[in-house]
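Engineer: Need a 3D model of the sequence below.
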Amino acid sequence: MRDHTAAASGDAVIRARGLSKVFGRQGRRALELRRSGRSKAEVEKQTGSTIGVFEASFEVCRGEIFVIIGLSGSGKSTLLRLINRLIEPTEGEVYVEGEPISRMPAGRVREIRRKKMGMVFQHFGLLPNRSVLENITFGLEIQGVCAQERLRRGEEALEMVGLEGQGAKRIGELSGGMKQRVGLARALATGQEILLMDEPFSALDPLIRRDMQNLFLDIQGEIRRTVVFVTHDLDEALRLGHRVAIMRDGEIVQVGNPEEILTSPADEYVERFIEDVDYAKVRSAEAVMVDPKEVAYEAEGPRVVLRRMKRAGMSSIFVVDAERRPVGLCEAEEVARLLESGERSLSGAIDRSVPSVRPDTPLREVLPLFVERKLPVAVVGERGRLEGIVVRGALIAGLTTGAENRDDEAEPQRADGALRERE
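Structural biologist: Sure, this is the predicted structure:
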């Protein structure tokens, strides 16, 4: 049994230990045969029972988006339903905030589902005889929340998913994307800490799906729920997940963050699974950025900056303020021109039109910034401080290969425009 709990860090909200589910009458025998080395297909042929999940062990940390991905029949949706006991396990345990949900009385399980653990389905699960707002507040009604509080929280959820003023509409009047927004709003309105999401965007058109992914990430950035998200779309898994679990024939074959999955596949199956991934969609600026090595400060003079650039062999250098926030970029020739003209301020050499991106900016949005200019792009953090730079060589490597050698890929970029000593 592979244990995938060691890689998790922080406060674990969900813990699964040796979790297995067999559909059929010979569950114990099926598991014994599987442990003896028989394949899932061989076990099914001998016992007539199907192994849905086999010895899954993992943890989900508070505020994390934990994505489960696999092909059809891999066991991902079964595993999701084992977490909230919509499906009873054959073996193993699931703990929710330390409580063994797999051994709880049915009444206690229902209470956890109502108050702590919500679910969003692929096909919405909306009630056609109720309005949008009534659908959103249905979970609160089940919880016994008073009408005034239901209305307040329902309106807040509507605003959060961009459906302000749509509360009186009937479900039949909505498009597929709007219905999924209602389903998401219903889960948000209840205030449940844990959200289980079973392929919630897979039935949507590609453009609408992308919009829903963006909306979900924006909302998650504000509310920080603990999410277990099931999908069959690898790009979606790598884009949304803090960590990703890949399943095959009921087993978890690898758990890791998106970069670990892409750069260190656990076996040949995972290698084949990720071989067609679009790196421009799933890899971010943070994955390919390099250390700027040297920076210039806005208050420094041309002589000091030019000397620093010569020593580092740099043709250009980022200029930052006292708080290390980028203000622009200087090229060596412009700094030398200021020095020759006797200028003591660096200001005249600073190109203040240089673009910047956030660490989580997808590479597909970084790439256009290099179309008309070869200069590096600044990567700035939440406080606007320079965290790294993206250079052309590292960007190209990140779009085509693993990014673990991005510092090496950056060297040709520096060499191409390396500062030459002035004759």
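Engineer: Poorly predicted segments of the stretch 301-423 of the chain, please.
Structural biologist: For the stretch 301-423 of the chain, applying pLDDT under 70 flags the ranges 401-423.
Engineer: swap the cut-off to 50 and go again
Structural biologist: Along the stretch 301-423 of the chain, segments meeting pLDDT under 50 span 403-423.
Engineer: hey, where'd the helices end up in it?
Structural biologist: 302-312, 332-340, 363-366, 392-400, 406-416 (DSSP state H, counting those that start in this stretch).
Engineer: which other residues reach the shortest one?
Structural biologist: Same thing as helix 363-366. 279-281, 283-285, 287-288, 357, 377, 390, 395, 398-399 (C-beta atoms under 8 Å, 6 or more residues apart in numbering). Backbone N, C-alpha and C define where each C-beta goes, glycine included.
Engineer: 10 Å - rerun?
Structural biologist: Residues outside helix 363-366 that contact it (C-beta atoms under 10 Å, 6 or more residues apart in numbering): 278-285, 287-289, 355, 357-358, 377, 379, 390, 395, 398-399, 403.
Engineer: can you pull the contacts of the nearest residue to Gly348 once chain neighbours are set aside?
Structural biologist: Spatially, and ignoring its direct neighbours in sequence, Gly348 is nearest to Leu338 (5.6 Å; C-beta to C-beta, 6 or more residues apart in numbering). Counting by C-beta under 10 Å, 6+ apart, Leu338 touches Gly301, Pro302, Arg303, Val305, Leu306, Cys330, Arg344, Ser345, Leu346, Ser347, Gly348, Ala349.
Engineer: just Arg325 next, same as before
Structural biologist: By C-beta under 10 Å, 6+ apart, the neighbours of Arg325 are Glu298, Ser356, Ala378, Val380, Gly381, Arg383, Gly384, Arg385, Leu386.
Engineer: Need these in CSV (columns: distance to Ala266 and neighbour count).
Structural biologist: Compiled in CSV, the contacts of Arg325 are given as follows (distance: C-beta to C-beta, whole Å; neighbours: other C-beta atoms under 10 Å):
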residue, distance to Ala266, neighbour count
Glu298, 47, 16
Ser356, 36, 18
Ala378, 35, 24
Val380, 34, 18
Gly381, 31, 14
Arg383, 37, 9
Gly384, 38, 14
Arg385, 36, 14
Leu386, 35, 21
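Engineer: and which of the residues you listed is nearest Ile261?
Structural biologist: Gly381 (24.3 Å; C-beta to C-beta).
Engineer: Tell me the spacing between that closest one and Ser36.
Structural biologist: 52 Å (C-beta to C-beta, to the nearest Å).
Engineer: Next: Ala203.
Structural biologist: From Ala203 to Ser36 the distance is 40 Å (C-beta to C-beta).
Engineer: again, but for Ser316
Structural biologist: In terms of C-beta to C-beta, Ser316 sits 63 Å off from Ser36.
Engineer: Those two: who's more crowded?
Structural biologist: Ser316 (22 against 9; other C-beta atoms under 10 Å).
Engineer: show me the contacts for the more buried one.
Structural biologist: By C-beta under 10 Å, 6+ apart, the neighbours of Ser316 are 309, 329-335, 351, 354, 374-376, 389, 391, 414, 417, 419.
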